[in-house]
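Undergrad: coords please:
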Amino acid sequence: MTMEGALESDSNILLENEILSTIFATPPEQLEKYRSLAKAYLDYYRRDIGKFEHNDVLFLVRRLRDCPGTKRSEIQSDLINRRNTRLSDPDDASPVAGPAISQTLAGNLVNGMAKPEAYLSVAVRVMLALKLDVWEKGGLGIPWKETNSLEETVGKIFPFDKPEDGVPSMPIKNSKLRARYIRDYASVKLIWTNYLSEHLELKTDKVPKELKIFSEAANANVSHSDHDPASRSARVPTDAPIRRPVDRGYYDADFLWETLMTYRLLFPFQDQNWLEALIRRGGDDSPMDQRLTEPAIMKIPWDRRAYELPLRRCGELFKRYPRWAVRLQLIFEEADDPTPVTAMGMWFDRHKASRHAFGITVFAFSVTILFGLLSLGLGGAQIWIAYCTWHPSGNGICWTAPATGASGN
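TA: Got it, this is the predicted structure:
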């Protein structure tokens, strides 16, 4: 390796270490191990920040992490009004505290080369895997209003779902929540998304039908969260970066465990070889994160052992997965009774009720004929037995056993 190549390699290592330290708060002694495990996320990070400076993005990540309850308007005003000063002055009444804004970010904000909304948007994407709309004219993402904090917005994106009347008693099967079953039986295409808000989103109004699955499983791993007692007491796999935004009020440990266990439903142990083959195949329609295979084999903490039990009723689904239950229920209903997408399939689906009524009628008629034939046969047999009893040596239609005599010699 040339000197230039060695320097570039060292620079990339330092960059990756800073990303993991800032976004996941990975301990320094574990950075070397996590760099390879988080390769899929690091590639996503580089693609997503695009033209933005790496240091500026991480600066905004730190600001958002340290002020979860601050309104967006206040964060933007602070970035503009205090762009080149330190924010850690004890006498400063600003809602945002921390080190000074970088010179590059300050210069871009002053010169109008970039707006605060754009920086906030990319920072949220790399930190929380959310695509938020921060523009006044509206966009394609989830709205983050100026009067709301990031913590409030995240809470609205993932509310607790409540089942409708009668739903808790409905039967459900784990086997029909498997991604492989949904793809093969219900003809649903698996789409891998970088946004957590799109996880388990099912679309049946297009051809082919689509099920979106969050591809960055590492982001949902809370096995190292210092604020999760279950994680501290359990000997779970130690190959996941710490998810520090949990500590700052965005994603709590229960939600991340719940999210992680949805992969256990989608990709159970018996489908691991199939999932690994998908990852090895590569391509736009294949997942990139090797760690998608981990939830099915990881050891579950004792107080979360309910995730290891099979689902029997929808009530259990809403109890174990309160933030994802509605989406999982829709997936199960689609797997149980797939929505037709072809013209013939839609015709049959529209006439399903009359077709079922006709089928029942044909079945009942067939059973009636069968029993009629059996009754006719039984009646004929009775006539034959009565006739042969009356004329045992008749005209040859009755069979009589040959007489046996005693042998004298």
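Undergrad: can you pull the contacts of residue 328?
TA: Residues in contact with residue 328 (Cβ atoms under 8 Å, 6 or more residues apart in numbering) are 177, 200, 262, 265, 317, 321. Yep, even glycine has a C-beta here, placed from its N, CA and C like the rest.
Undergrad: no wait, residue 76
TA: Applying Cβ under 8 Å, 6+ apart, the residues contacting residue 76 are 116-117, 120, 146.
Undergrad: Can I get the buried part of these as one ChimeraX selection?
TA: ChimeraX command restricting the contacts of residue 76 to the buried ones, with burial defined by 16 or more other Cβ atoms under 10 Å:
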select :116,117,120
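Undergrad: Lowest pLDDT pick from the contacts of residue 76?
TA: The lowest pLDDT within those belongs to residue 116, with 78.
Undergrad: Tell me, please, where in the stretch 301-409 of the chain the pLDDT is lower than the cut-off.
TA: 342-356, 392-397, 399-409 (pLDDT under 70).
Undergrad: Helices of that one, start to end?
TA: Taking DSSP state H, counting those that start in this stretch as the criterion, the stretch 301-409 of the chain carries its helices at 314-320, 325-336, 343-350, 352-390.
Undergrad: Could you do the stretch 101-250 of the chain as well?
TA: Going by DSSP H, counting those that start in this stretch, the stretch 101-250 of the chain shows helices at 103-111, 116-128, 150-157, 179-185, 229-233.
Undergrad: which of those helices has the lowest average pLDDT?
TA: Among the helices of the stretch 101-250 of the chain, helix 229-233 scores lowest, at a mean of 37.
Undergrad: What are the buried residues along the helix or strand that that helix is followed by?
TA: Tracing the chain past helix 229-233, the next element assigned as helix or strand by DSSP states H and E is helix 253-266. By neighbour count on 16+ other Cβ under 10 Å, the buried set for helix 253-266 is 253, 255-266.
Undergrad: if I look at the closest residue to residue 201 other than its chain neighbours, how far off is residue 264?
TA: The spatially closest residue to residue 201, leaving aside those adjacent along the chain, is residue 212, at 4.4 Å (Cβ to Cβ, 6 or more residues apart in numbering). Relative to residue 264, residue 212 is positioned 18 Å away (Cβ to Cβ, to the nearest Å).
Undergrad: Equivalent analysis for residue 79, please.
TA: 41 Å.
Undergrad: And for residue 277?
TA: Residue 277 is 19 Å from residue 264, by Cβ to Cβ.
Undergrad: And residue 369, by the same measure?
TA: Distance, residue 369 to residue 264, by Cβ to Cβ: 51 Å.
Undergrad: Need the helices of the stretch 301-409 of the chain in a markdown table (columns: distance to residue 303).
TA: Formatted as a markdown table, the helices of the stretch 301-409 of the chain follow (distance: least, Cβ to Cβ, whole Å):
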| stretch | distance to residue 303 |
| --- | --- |
| helix 314-320 | 13 |
| helix 325-336 | 20 |
| helix 343-350 | 44 |
| helix 352-390 | 45 |
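Undergrad: quick one: low-confidence parts of the stretch 1-150 of the chain?
TA: For the stretch 1-150 of the chain (pLDDT under 70), the answer is 1-8, 81-104, 106-114, 135-140.
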